[in-house]
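Asker: What follows is a protein structure lacking sequence information:
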């Protein structure tokens, strides 16, 4: 059984005294150039560059094509767990800054088959997210999509990608990790796979109360990840707990063909993905169920009709969260040059 990593424990200790922590993070964010040149962070940023190299190397070897991501558009991902979208005036039209390019990668998968973005995202997270250690307002995400892909295809790529990247970093930066006190484990595959119902049952037995029809709570994610030596998958989330683009299982109404992957050692969620809803009528119904206006998604709905049936699956993985895990850092703000966190500013 795994244990919570010392860096995660150190972060938890920091946030217990919220007043002191707020002063610390205020200085950290506003004067990032003062710590960025320290030898530890020089090493972190070099490892991060190697992580991106390894991601590209693995995906390219698997037949994926890298595509330039959009930065703004008429709509963006609405399924962002309490965060708000940033809006800009685009010549008299309201456009959104990408919180995730998920809707756009679906049609590029139709064009090229297997694609990925390395994409900047903006999410105006709630102020209390500064105390999670896992949320940035500005971050990068690797977003991939597979034409005619299935839930299992996406999970298998996620597992292979993680194994390739961690092996590459151990081989390339073993001495650097050792200097930072990070013992990056050798993982066993296949990773454990739990249905959402099984994960909720397990985490409740471990002492973290999680409702049955919601996302896994952040605190419960940490408990689950600390209970394992390797990453784990959670799949088959209940409908209504995720974005409208996640496909409802036709053989199991009320449940989705989607998944999350959690890191071990208490670091929490790393990847979220699954199969996409592609029937235009069903997509419109799901948009309305989420309280949104389908007219906002007109271009997306027209695209689905033109490419019908556009069956795809994919996922997104946060670069800073992956860097945090690999380097054993306290929080994602250590894995980001000029970090932006909720409620703290002005910042470079």
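Answerer: It's in. These figures come from a predicted structure and were not determined experimentally.

Asker: drop to CA atoms for contacts and neighbour counts, all remaining ones
Answerer: Fine.

Asker: Residues touching stretch 214-226, excluding its own?
Answerer: Stretch 214-226 is contacted from outside by 1-4, 199-200, 202-203, 206, 208-210, 231-232, 237-238, 241-242, 262-269, using Cα atoms under 8 Å, 6 or more residues apart in numbering.

Asker: can you rerun that using 6 Å?
Answerer: Stretch 214-226 has contacts (Cα atoms under 6 Å, 6 or more residues apart in numbering) with 2, 3, 4, 208, 241, 263, 264, 265, 266, 268.

Asker: what do you get for stretch 28-40?
Answerer: With Cα under 6 Å, 6+ apart as the test, stretch 28-40 has contacts from 338, 339, 347.

Asker: List only buried entries from those.
Answerer: 338, 339 (16 or more other Cα atoms under 10 Å).

Asker: Among the contacts of stretch 28-40, which has the minimum pLDDT value?
Answerer: Within the contacts of stretch 28-40, the minimum per-residue pLDDT falls on residue 347 (89).

Asker: element containing that residue, please.
Answerer: Counting by DSSP states H and E, no helix or strand carries residue 347.

Asker: Run a quick neighbour tally on the closest residue to it other than its chain neighbours.
Answerer: Distances taken as Cα to Cα, 6 or more residues apart in numbering place residue 30 nearest to residue 347, at 4.5 Å, with adjacent residues excluded. As a burial measure, residue 30 scores 17 neighbours (other Cα atoms under 10 Å).

Asker: ok, now the one 4 residues further on?
Answerer: Residue 34: 11 surrounding residues under other Cα under 10 Å.

Asker: So what's the gap between the one helix or strand in the chain whose mean pLDDT sits lowest and the chain middle?
Answerer: Using mean pLDDT, DSSP states H and E, the weakest-scoring helix or strand in the chain turns out to be helix 218-226, at a mean of 91. Here helix 218-226 is found 15 Å from its chain centre; the criterion is Cα atoms, centre = their mean, to the nearest Å.

Asker: go on, stretch 285-302?
Answerer: That offset, for stretch 285-302, works out to 23 Å (Cα atoms, centre = their mean).

Asker: buried ones in that stretch?
Answerer: In stretch 285-302, counting by 16+ other Cα under 10 Å, buried: 286, 287, 290, 297, 300, 301.

Asker: Quick check: which of these has the minimum pLDDT.
Answerer: Among these, residue 290 has the lowest pLDDT, at 87.

Asker: returning to what we had before: now the contacts of stretch 28-40 in a markdown table, with distance to residue 276?
Answerer: Output for the contacts of stretch 28-40, formatted as a markdown table (distance: Cα to Cα, whole Å):
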| residue | distance to residue 276 |
| --- | --- |
| 338 | 34 |
| 339 | 32 |
| 347 | 37 |
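
Asker: if we can go back for a sec, among the buried residues of stretch 285-302, which lie within helices?
Answerer: If you go by DSSP state H, the buried residues of stretch 285-302 have 286, 287, 300, 301 in helices.

Asker: now, the most widely separated pair of these?
Answerer: The largest separation in these, counting by Cα to Cα, is between 286 and 300 at 13.6 Å.

Asker: how far away is the residue sitting furthest away from the middle of the chain from residue 76?
Answerer: Taking Cα atoms, centre = their mean as the measure, the residue most remote from the mean C-alpha position of the chain is residue 92, 32.0 Å away. Residue 92 sits 18 Å away from residue 76, going by Cα to Cα, to the nearest Å.

Asker: Backbone torsions only: list them for the closest residue to residue 187 other than its chain neighbours.
Answerer: Nearest residue to residue 187 in three dimensions, chain neighbours excluded: residue 230, at 5.6 Å (Cα to Cα, 6+ apart). Dihedral angles of residue 230 (phi, psi; degrees, to the nearest 10) stand at phi -130, psi 170.

Asker: what residue ranges in the stretch 151-300 of the chain are flagged as low confidence?
Answerer: Along the stretch 151-300 of the chain, no part satisfies pLDDT under 70.

Asker: now the strands: where do they sit in it?
Answerer: Taking DSSP state E, counting those that start in this stretch, the strands of the stretch 151-300 of the chain run over residues 192-195, 232-235, 258-263, 268-275.

Asker: so what strands line up beside the longest one?
Answerer: Okay, so that is strand 268-275. Note on strand 268-275: by DSSP bridges, its sheet partners are strand 258-263 (antiparallel), strand 312-318 (antiparallel).

Asker: As TSV, those with distance to residue 189 would be great.
Answerer: Shown next, in TSV, are the strands paired with strand 268-275 (distance: least, Cα to Cα, whole Å):
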stretch	distance to residue 189
strand 258-263	13
strand 312-318	19
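
Asker: Relative to residue 144, which of those strands is closest?
Answerer: Closest among those, using Cα to Cα: strand 312-318, at 5.4 Å.

Asker: Name the next helix or strand following the closest one along the chain.
Answerer: Strand 312-318 is succeeded, C-terminally, by helix 319-327 (DSSP H and E).

Asker: Can you give me the buried ones in stretch 170-190?
Answerer: Applying 16+ other Cα under 10 Å to stretch 170-190 flags 170, 173, 176, 177, 182, 184 as buried.

Asker: Not counting it itself, show me its contacts.
Answerer: Contacts for stretch 170-190 (Cα under 6 Å, 6+ apart): 230, 328.

Asker: so how far does it reach from one end to the other?
Answerer: So stretch 170-190: terminal residues 20 Å apart, Cα to Cα.
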